[in-house]
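>>> When you get a sec, could you give me coordinates for this:
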Amino acid sequence: MFSRVKQIILILIVFLGSGMAQKLDNFEKEVEEEDETETNLTSEKSESTTHISFNGELSMEGVESVMQVAGSIFYGSYELMFHIPGWKRAIPEFGYADYPYAEPNTGIYHTGNIKPWAINAQLDYFYMNDNLTGLIFQTFLSPHPYFSLQINYSQLIESESGTTDELELIDMHLNYNRIKDEHLALWWGVGFKSLRGNAAHIGPALNFGAEYFPVQPVSFGIKYNIAFIERATVDDLQLLINCHVSRLKLTAGFQKFRAGDISFPGMVAGLGIYF
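Numbers count the residues shown, from 1 in each chain. Sure thing, here's the model as predicted:
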């Protein structure tokens with residue numbers, strides 16, 4: 001009798017232990033599983049037909065007004081997102097500083113500076129709880145003030161019940177540096193995200209970021225990217241406060257990884273360097 005009870009207890013321990021160490025597995029499964037309810041709703045919507053009718057009269061003045069508003073919105077959006085001056089004119093107008101606050105009250109960009117390139121790298125430590133931590137490496141390679149190549153590598157590690165599970169996230173984005181002010185940098189880009197756990201998954205991604213330099217030696221940053229991998233969206237958000245000491249940057253803040261309905265929020269801290 002005692003031996004049978006002992007066997008049952010051992011089976012329960014193994015079963016509960018395997019169920020607890022499934023956070024990273026569940027994160028990966030979000031991009032593999034299809035929501036049947038969502039699929040059924042989509043198919044039902046596709047079968048339905050919507051009829052839209054307009055019985056009023058639209059005057060020529062109304063048409064011109066609509067076209068003017070649409071044209072203003074389109075032109076304003078283009079200027080905000082895509083306006084790029086000539087290659088030779090851009091460098092003297094918006095050059096890189098050697099590092100943030102190398103000049104008084106100047107962030108990473110310095111008006112009139114002729115330095116056309118910049119490189120910075122950063123290593124962060126992610127902490128959600130004692131069982132789930134991670135390392136994050138980021139680098140920006142900027143050959144021109146208007147463009148940069150951003151590469152992120154994140155390794156999440158889950159240790160629980162004597163087992164260790166790992167998940168890797170790799171991002172690569174080509175960014176357009178839209179705002180290059182001495183106090184504000186803003187960029188957006190396109191690329192891809194790769195997720196590697198029990199299997200490899202990859203999908204296209206969008207990337208956004210901004211950093212504000214209010215006063216030496218502090219800056220505030222936000223970074224966000226979202227990828228479309230198989231049947232789910234996978235995104236990554238960072239909210240950071242930075243302290244700049246010559247070419248070094250000390251970073252602390254909040255970070256959240258999310259895939260579908262599974263998310264890992266936690267704190268992040270690290271060290272960066274400007275070349």
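>>> what are the ranges of the strands in the stretch 101-250 of the chain?
109-111, 118-129, 132-144, 147-160, 163-180, 184-196, 200-215, 218-229, 232-245, 248-259 (DSSP state E, counting those that start in this stretch).
>>> mind checking pLDDT for the nearest residue to Ser246 once chain neighbours are set aside?
In space, and not counting its chain neighbours, Ser246 is closest to Tyr99: 6.7 Å by CB to CB, 6 or more residues apart in numbering. (C-beta placed from N, C-alpha, C; glycine too.) Note for Tyr99: predicted pLDDT of 93.
>>> Also Lys45?
44.
>>> same thing with Pro104?
84.
>>> Quick check: nearest residue in space to it, chain neighbours excluded?
Gln216 (7.2 Å).
>>> does the residue nearest to Ser246 sit in a helix, a strand or a coil?
When classified by DSSP: H, G, I helix; E, B strand; the rest coil, Tyr99 comes out as coil.
>>> Roughly how far does it sit from Met128?
31 Å (CB to CB, to the nearest Å).
>>> ok, now Leu239?
Leu239 is 15 Å from Met128, where distance means CB to CB.
>>> Between those two, point out the one with more neighbours.
Met128 (20 against 14; other CB atoms under 10 Å).
>>> Go ahead and confirm the residue nearest to Pro104 touches Tyr101.
Yes. Taking contacts as CB atoms under 8 Å, Gln216 lies within contact range of Tyr101: 4.4 Å.
>>> Between these two, which is the more surrounded one?
Neighbours were counted for Gln216 and for Tyr101 using other CB under 10 Å; Tyr101 has more, 20 against 15.
>>> was I right about the more buried one contacting Pro214?
No. Taking contacts as CB under 8 Å, Tyr101 lies outside contact range of Pro214: 11.0 Å.
>>> which element is Pro265 on?
strand 262-274 (DSSP states H and E).
>>> now what about that strand, what contacts it?
23, 26-27, 30, 98-100, 108, 118-129, 132, 136, 156, 238, 240, 242, 247-258 (CB atoms under 8 Å, 6 or more residues apart in numbering).
>>> Of the residues you listed, select the buried ones using a PyMOL command.
Remark: buried members of the contacts of strand 262-274, expressed as a PyMOL selection using 16 or more other CB atoms under 10 Å:
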select buried, resi 23+27+30+98+99+100+108+118+120+121+122+124+126+128+132+136+156+238+240+242+249+251+253+255+256+257+258
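>>> buried stuff in stretch 207-217?
Asn207, Phe208, Gly209, Ala210, Glu211, Phe213.
>>> Redo those residues as JSON lines? Include distance to Glu168 and pLDDT.
As requested, these are exported to JSON lines (distance: CB to CB, whole Å; pLDDT from 0 to 100):
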{"residue": "Asn207", "distance to Glu168": "18", "pLDDT": "95"}
{"residue": "Phe208", "distance to Glu168": "22", "pLDDT": "95"}
{"residue": "Gly209", "distance to Glu168": "21", "pLDDT": "95"}
{"residue": "Ala210", "distance to Glu168": "26", "pLDDT": "95"}
{"residue": "Glu211", "distance to Glu168": "26", "pLDDT": "96"}
{"residue": "Phe213", "distance to Glu168": "32", "pLDDT": "96"}
